[in-house]
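Enquirer: turn this into a structure:
(chains A and B)
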Amino acid sequence: MLRIEGLTAEIDGKEILKGIDLEVPTGEVHAIMGPNGSGKSTLSYVLSGREGYEVTAGTATLNGVDILAMEPEERAAAGLFLAFQYPVELPGVGNATFLRTALNAVRKGRGESELDAMQFLKLARQRMTALSMPEDMLKRGVNVGFSGGEKKRNEILQMALLQPSMAILDETDSGLDIDALKIVSDGVNAMRGPNFSALVITHYQRLLDYIVPDRVHVLMAGRIVKSGGPELAKELEAQGYASVQAAA
Amino acid sequence: MPAVTETIETVQSMTESTYKWGFETDIEMEFAPKGLNEDIVRFISAKKNEPAWLLEWRLRAFAVWKTMEEPRWAAVKYPPIDYQDSYYYAAPKEKVGPKSLDEVDPELLKTYAKLGIPLREQEILAGVEGAGSTPAEGRMPIAIDAVFDSVSVATSYKERLGKEGIIFCSISEAVQNHPDLVKKYLGSVVPQGDNFFAALNSAVFTDGSFVYIPKGVRCPMELSTYFRINAKSTGQFERTLIIADAGSHVSYLEGCTAPMRDENQLHAAVVELVAMDDATIKYSTVQNWYPGDAEGKGGIYNFVTKRGACRGARSKISWTQVETGSAITWKYPSCILQGEDSVGEFYSVAITNNYQQADTGTKMFHIGPRTKSTIVSKGISAGHGQNTYRGLVRIGAKATAARNFTQCDSLLIGDLCGAHTVPYIENRCVSAKVEHEATTSRIAEDQLFYCRQRGLTQEEAVGLIVNGFCREVLKELPMEFAVEAQKLLQISLEGSVG
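Expert: Below you'll find the model as predicted:
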């Protein structure tokens, strides 16, 4: 379970998160919605440990362990996964090399045995079939020349391989057509179970038709201003964020 | 790719000292007196029992050298070198014909073990009788010539290669046993007075490797020379000569290391390659001389002249180099494309970290019609490193329809290092086509974060990104060398980020 209490954080001296309280129990999927500039991406970067984001107060624990004190790679080994809004290109680095290096790094961090090339390929092929990814994507450079949809599928493939206990999906729906959206959502839904939780960050209600959240939180100006069931997303879609702001 | 995992393991196993070849072997040595004069040249020649013509050849080189000045056009800075304050001859004292490894100087064996040379090759290199007839089981044999300070210690698999008519021995042995070949080709690609360092080498070279591949023979194994500077205050001047006769094929590897010392040591080698009609020579180097410490103290001055002549039609010479070591690298492996339809290639990765300086590149001389050359250079600068690509593509009037493609990419890590590209193009032929592409980039923060979010440490992430950057060059290396090179890249960049 992910527990965030009184979290404030700033970039270059500017406070972006102004006291976040949030709890995502194990096995649940929560959505965070909010307008541009409300701090959604900042929250995902602060939780995953990106440089340049300074935590000024508050705590965040994953399964009882303080993650804010950890290096990004330690957080990954502890079970935290971030699906990037803009997956990064690594020219010349083969996708298969990258996936296997990452998988073995995380497995090592968790005290599990590393997979050899054959074991890895077998596993990767299996997961790729489920995501309708052609096998030649293993041979290409990481995200190099990938279409928007391919990049996002590649993120979900990494999640499926690394088997995190907590995934943050940062606007995974942006740039996806309806077919890709469905494939990606199926990938996330396949992970759902008693040992997996997720924080789905999105602008639009559309994604939540496919990944139905247990809870929806509205983030505005660095604070969670409203929480509710899946119906809250539909309400926002109909009335816009202004109505929440007025009520808050 | 298992190589990446191995890279990571290597780095994880490393502690404080990052240069693991920095040990010194305590072995009985024989030195000539310090300094350089005609007597030393005569001493070296006499020590090697050389014929009169070679002594004359050396003395001519020495006479030319005395009139020359050290080149200063490269973008490297170093204090003046006192050529009189160095030993020009140092050799392990000989013990002839040990019966087994037990009789071999244990210090020498320890050195081989530390260098990662397998036991079978160790036996052969140590000259154990009976060794060398059969290769070690379960892997591709590599014939090795080990040059320890100035002297070639031993060559492995000689008999087996002999069956194909291949000569692979130290150049000293070649002078004794194949004088006609040596006389014909020595200095035919890099003449004695070619440049300051080549002249110095011609006067005092002490050993090196000699290869002759007869007509139509495809060399059945990789040939390899391992160079090691061990003795203090010693320069190493080796000379390599490779001749590939018509229709033959050879792949040659060169590796080098040196102990960690506070002083700078000079390495001025000359390599000459000759390829006749339809012959191919592939020459790969993983250069890992001691680069000096993090403050820039010590390290090898690597001033090397390497040149290949594609004399025959459709011949091909391919240089691949991974330059991770040395305090200063001054090196331009070149191709003279004389034969029609001949091909020259240059693939290079040069890393400079801490206070290392590299000024390296190639020269492609297109003389014959339809000659082709490809240049791919990847420069990586970190710390206070300075990395210069310097290249010349010259297309002569008769090189009709000649083609060149050049790609120079620079990668910067941190904000104190420098990357420079100095390409010269001279074209005297209207039907020739010359292309040059260049990029400069840096490892982006988002790339590092992306990798770390997937569980890689900062250094693993840098290693992965750098290996990706160098991929086009690394894939040209023979398999075993490629693994070694990937490890080196990562080790060389340790501590360069964060």
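Enquirer: and chain A, which residues reach chain B?
Expert: Contacts of chain A with chain B, taken as CB under 8 Å from any CB of the partner chain, map to A:48-52, A:71-73, A:75-77, A:81-82, A:84, A:87-94, A:96-98, A:100-106, A:109, A:114, A:116-117, A:141-142, A:158, A:162. The C-beta positions use only the backbone N, C-alpha and C, and glycine is treated the same way.
Enquirer: how far off centre is whichever strand or helix holds B:F365?
Expert: For B:F365, the element it lies in under DSSP states H and E is strand B:357-366. A distance of 14 Å separates the centroid of the chain from that of strand B:357-366, by CA atoms, centre = their mean, to the nearest Å.
Enquirer: which helices and strands sit right next to whatever helix or strand comes next after that strand?
Expert: For strand B:357-366, the succeeding helix or strand toward the C-terminus, using DSSP H and E, is strand B:372-381. In terms of contacts (3 or more CB pairs under 8 Å, 6 or more residues apart in numbering or on different chains; DSSP states H and E), strand B:372-381 is packed against strand B:334-337, strand B:343-352, strand B:357-366, strand B:386-395, strand B:403-412, strand B:418-427, helix B:458-469, helix B:471-474.
Enquirer: mind telling me what element A:V184 is part of?
Expert: A:V184 belongs to helix A:178-191, assigned by DSSP H and E.
Enquirer: strands paired with the helix or strand just after that helix, and their directions?
Expert: Later in the chain than helix A:178-191, the nearest helix or strand by DSSP H and E is strand A:197-202. Sheet pairing for strand A:197-202, assigned by DSSP bridges, gives strand A:29-33 (parallel), strand A:166-170 (parallel).
Enquirer: got those strands as TSV, with distance to B:C429, mean pLDDT and mean neighbour count columns?
Expert: Shown next, in TSV, are those (distance: least, CB to CB, whole Å; pLDDT from 0 to 100; neighbours: other CB atoms under 10 Å in any protein chain shown):
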stretch	distance to B:C429	mean pLDDT	mean neighbour count
strand A:29-33	65	95	24
strand A:166-170	56	95	24
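Enquirer: nearest to A:L22, out of those?
Expert: The stretch from the strands paired with strand A:197-202 with the least distance to A:L22 (CB to CB) is strand A:29-33; that distance is 7.7 Å.
Enquirer: next, the angle helix A:178-191 makes with that closest one.
Expert: 140 degrees (axes from the mean of the first three to the mean of the last three CA atoms, to 10 degrees).
Enquirer: what lies in contact with the worst-scoring helix or strand of chain A on mean pLDDT?
Expert: The least trusted helix or strand in chain A, going by mean pLDDT, DSSP states H and E, turns out to be helix A:241-247, with a mean of 74. If you take CB atoms under 8 Å, 6 or more residues apart in numbering or on different chains as the criterion, helix A:241-247 is touched by A:34-35, A:218, A:220, A:225-226, A:235-236.
Enquirer: could I get the phi/psi values of residue 240?
Expert: Assuming you mean chain A. phi 80, psi 170 (degrees, to the nearest 10).
Enquirer: that answer is for a different chain, and I need it for chain B
Expert: Torsion angles, degrees, to the nearest 10, at B:T240: phi -120, psi 140.
Enquirer: check chain B for the residue nearest chain A and tell me.
Expert: Nearest to chain A in chain B, going by CB to the nearest CB, is B:G468, at a distance of 3.2 Å.
Enquirer: average pLDDT across stretch B:198-211?
Expert: Here stretch B:198-211 scores 91 as its mean pLDDT.
Enquirer: mind listing what's buried in the helix holding A:V184?
Expert: Buried residues in helix A:178-191, defined by neighbour count with 16 or more other CB atoms under 10 Å in any protein chain shown: A:180-181, A:183-185, A:187-188, A:191.
Enquirer: still on that earlier bit, which one of the helices and strands packed on strand B:372-381 lies closest to B:K316?
Expert: B:K316 lies closest to strand B:343-352 among those, at 4.2 Å (CB to CB).
Enquirer: got the angle for the closest one vs strand B:403-412?
Expert: Using the same axes, to 10 degrees: strand B:343-352 against strand B:403-412 is 10 degrees.
Enquirer: just the CA coordinates for strand B:343-352, please, in PDB.
Expert: The C-alpha coordinates for strand B:343-352 follow below in PDB (Å, rounded to 0.1, in the frame of the first residue of the first chain):
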ATOM      1  CA  VAL B 343      38.300  -0.300 -49.600                       C
ATOM      2  CA  GLY B 344      39.400   1.400 -46.400                       C
ATOM      3  CA  GLU B 345      37.500   1.500 -43.200                       C
ATOM      4  CA  PHE B 346      38.000   3.200 -39.800                       C
ATOM      5  CA  TYR B 347      35.800   2.600 -36.900                       C
ATOM      6  CA  SER B 348      36.800   4.400 -33.700                       C
ATOM      7  CA  VAL B 349      35.700   4.900 -30.100                       C
ATOM      8  CA  ALA B 350      37.800   7.200 -28.100                       C
ATOM      9  CA  ILE B 351      37.100   8.000 -24.500                       C
ATOM     10  CA  THR B 352      38.700  10.800 -22.500                       C
END
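Enquirer: strands paired with it, and their directions?
Expert: If you go by DSSP bridges, strand B:343-352 pairs up with strand B:316-323 (parallel), strand B:372-381 (parallel).
Enquirer: can you list contacts of the shortest one?
Expert: Applying CB under 8 Å, 6+ apart, the external contacts of strand B:316-323 come out as B:273, B:275, B:279-287, B:306, B:308-310, B:329, B:331, B:333, B:335, B:342-351, B:358, B:360, B:362, B:470, B:473-474, B:476-477, B:485, B:488-489.
Enquirer: what residue, apart from its backbone neighbours, is nearest B:S202 spatially?
Expert: Residue nearest to B:S202 in three dimensions, not counting chain neighbours: B:A61, with 3.4 Å by CB to CB, 6 or more residues apart in numbering or on different chains.
Enquirer: surely the one you found and B:G193 touch.
Expert: Yes: here B:A61 reaches B:G193: they are 7.3 Å apart, a contact under CB atoms under 8 Å.
Enquirer: who's more crowded, the two?
Expert: Set B:A61 next to B:G193 and count neighbours by other CB atoms under 10 Å in any protein chain shown: B:A61 wins out with 24 against 17.
Enquirer: against which helices or strands is whichever strand or helix holds the more buried one packed?
Expert: Using DSSP H and E, B:A61 falls within helix B:52-67. Of the remaining helices and strands, those touching helix B:52-67 by 3+ CB pairs under 8 Å, 6+ apart are helix B:38-47, helix B:196-204.
Enquirer: show me which residues of the longest one are buried.
Expert: Neighbour-count burial for helix B:38-47, counted by 16+ other CB under 10 Å, picks out B:40-41, B:43-45, B:47.
Enquirer: and these as CSV, adding distance to A:V212 and pLDDT?
Expert: Converted to CSV, the buried residues of helix B:38-47 look like this (distance: CB to CB, whole Å; pLDDT from 0 to 100):
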residue, distance to A:V212, pLDDT
B:I40, 86, 87
B:V41, 87, 90
B:F43, 88, 88
B:I44, 84, 88
B:S45, 87, 90
B:K47, 86, 86
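Enquirer: nearest to B:L266, of the residues you listed?
Expert: Looking across the buried residues of helix B:38-47 and measuring by CB to CB, the closest to B:L266 is B:I40, at 14.6 Å.
Enquirer: surely B:W330 touches B:T360?
Expert: Yes: counting by CB under 8 Å, B:W330 does reach B:T360; the two are 7.3 Å apart.
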